[in-house]
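1. model the structure of this input:
(one chain, ligands or ions: 1)
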Amino acid sequence: MPIRFFSNRLSRVLMLAMVALLAGCATGGMRINTDHSARGQDSRIRYIVVHYTAGESARALQVLTMGEVSAHYLIDNNASATIYQLVDESRRAWHAGESEWEGRNSLNASSIGIELVNRGFQDTPQGRVWYPFPQSQIDALIVLLKDIKQRQGIDGVNILGHSDVAPQRKLDPGPLFPWKQLADAGVIPWPPQALVDHRLSQLGGVVPPVSWFQEQLARIGYTIEQTGEFDEQTKNVIAAFQMRYRQSLYDGQPDLETAAWLMSLPAPR
Ligand SMILES: [Zn+2]
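-> Sure thing, here's the model as predicted:
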C-alpha cells in the first residue's frame, strides 16, 4: 500500500535524521560554509515606530520588560536621557499591535520600536494638556535614530509615529512630539515651507472634497477607507496627519492648510 510504504519511509527518514542529529551533537554540529555572501539582501527592518509610554520610567521599564508589550528601546526623560535596549534589533518586539502602513500590516515584524518616557496627556476642566519632551530626550532619540537608520538602511520617510500606523486607536507620540526637529537634524524628510505656501495658493481658497483627502492620505501611506464621507475613521486619520505636520491644530477637520501639506508630500519610497 503506497500510504503505508510512505509512512514506513517517513519514519525511517525521521529515524535517520535523529541519528544524524545526535551524531551532529556529538561531533560539534553541522558545518556551514560562509565564504560566499549574496549581494541580493537587505535588512528585514523597514520602519521605525516612535511611541510614548503614557507613564513614568520605573513603571514603563517594568511593563516593557515583564508584560505583554515591549520595545527595542526605551529612552528615559531623566537628565541623562538613558537609552535602554530591551530587545535585540534582530528580534521582534511587541510594540505596534494591530498596525498598518503602505498596505503592510502587523508592523512588529518589520519595525524597530522606540518608547519615550512621557506621561502623554491629562484631561483637565480647561481641556487636554500634553506633556512636553525634554530636549535631552529628543537629542538622545536623534542620535539613536541616525544610528539605526545607517545600520539598517532605513529611509527617513519610514520613521513613523504609533498614531500614523494605528490612527484609529493610538495618539502617541502626540502633538508635542517635535517631528520638525527630526527633520532639521536630517533624520526625516520635510517639505520646504515655500512649497507648502505655493500649494496653498494653488488651492485658491477651495477645500478639496473628502474623497480627495482620503486618496491623498492613502497615497502617502495611511490606512483609510475610501468612503467619500467625512466619517469618524477619516477624522482620526486626518488628526494623526495633523499631529505630525500641522501641530497648531489637530482637530481632524479637512481644511485648506492640511490639503496644502498633503499636496507637498511625496509617496513613500
Ligand atoms: Zn504606542
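
2. all contacts plus neighbour counts: C-alpha atoms, from now on.
-> Noted.

3. what about the closest residue to the ion within the stretch 1-150 of the chain, which helix or strand?
-> Closest approach between the stretch 1-150 of the chain and the ion, counting by CA to the ion: H51, at 4.2 Å. Assigned by DSSP states H and E, H51 belongs to strand 47-52.

4. again with T227
-> Per DSSP H and E: T227 is located in neither a helix nor a strand.

5. distance-wise, check it relative to the ion.
-> 27 Å (CA to the ion, to the nearest Å).

6. related to what we said a few turns ago, what's the local residue count around the residue of the stretch 1-150 of the chain closest to the ion?
-> The tally of other residues near H51 (other CA atoms under 10 Å) stands at 27.

7. give me the element I148 is part of.
-> helix 135-152.

8. ok, F230 next?
-> Counting by DSSP H and E, F230 is found in no helix or strand.

9. do the same with the one 3 residues further on
-> Counting by DSSP H and E, the secondary-structure element that holds Q233 is helix 232-245.

10. so which residues on the stretch 51-200 of the chain come close to the ion?
-> Residues of the stretch 51-200 of the chain lying close to the ion by CA under 5 Å from the ion are H51, H162.

11. most centrally placed residue in this protein?
-> Geometric centre of the chain, nearest residue: V49, 2.5 Å, by CA atoms, centre = their mean.

12. can you get me the start-to-end distance on stretch 76-91?
-> 22 Å (CA to CA, to the nearest Å).

13. list the buried ones in that stretch?
-> Under the neighbour-count criterion of 16 or more other CA atoms under 10 Å, stretch 76-91 has D76, N77, A81, I83, L86, V87, E89 buried.

14. show me the strands in the protein, by range?
-> Under the criterion DSSP state E, the chain contains strands at 47-52, 73-75, 83-85, 100-101, 104-105, 111-116, 121-124, 127-130, 159-161.

15. those strands: which one's closest to Q253?
-> strand 127-130 (17.8 Å; CA to CA).

16. quick check: mean pLDDT of the closest one?
-> The average of the pLDDT scores along strand 127-130 is 96.

17. now stretch 177-191
-> Stretch 177-191 comes out at a mean pLDDT of 98.

18. what's the answer for stretch 51-68, then?
-> Averaged across stretch 51-68, pLDDT comes to 96.

19. now swap in stretch 262-269 and tell me
-> Stretch 262-269 comes out at a mean pLDDT of 86.

20. likewise for stretch 105-116?
-> 97.

21. shift numbering so it begins at 58
-> Okay, using 58 as the starting number, the last item reads as stretch 162-173.

22. ok, and what's touching that stretch?
-> The contact list for stretch 162-173 (CA atoms under 8 Å, 6 or more residues apart in numbering) reads 101-110, 128-134, 146, 149-158, 194.

23. flag every buried residue along it.
-> N162, L164, N165, A166, S167, S168, I169, G170, I171, E172, L173.

24. could you dump that stretch to PDB, C-alpha only?
-> Extracted C-alpha coordinates of stretch 162-173, given in PDB (Å, rounded to 0.1, in the frame of the first residue of the first chain):
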ATOM      1  CA  ASN A 162       0.200  45.200   8.300                       C
ATOM      2  CA  SER A 163       1.400  43.800  11.700                       C
ATOM      3  CA  LEU A 164       4.400  46.200  11.700                       C
ATOM      4  CA  ASN A 165       6.100  44.500  14.700                       C
ATOM      5  CA  ALA A 166       7.600  42.100  12.200                       C
ATOM      6  CA  SER A 167       9.200  44.800  10.100                       C
ATOM      7  CA  SER A 168       9.900  47.600  12.500                       C
ATOM      8  CA  ILE A 169      12.000  48.800  15.400                       C
ATOM      9  CA  GLY A 170      10.000  50.300  18.300                       C
ATOM     10  CA  ILE A 171      11.200  53.100  20.400                       C
ATOM     11  CA  GLU A 172       9.400  54.200  23.500                       C
ATOM     12  CA  LEU A 173       9.900  57.600  25.100                       C
END
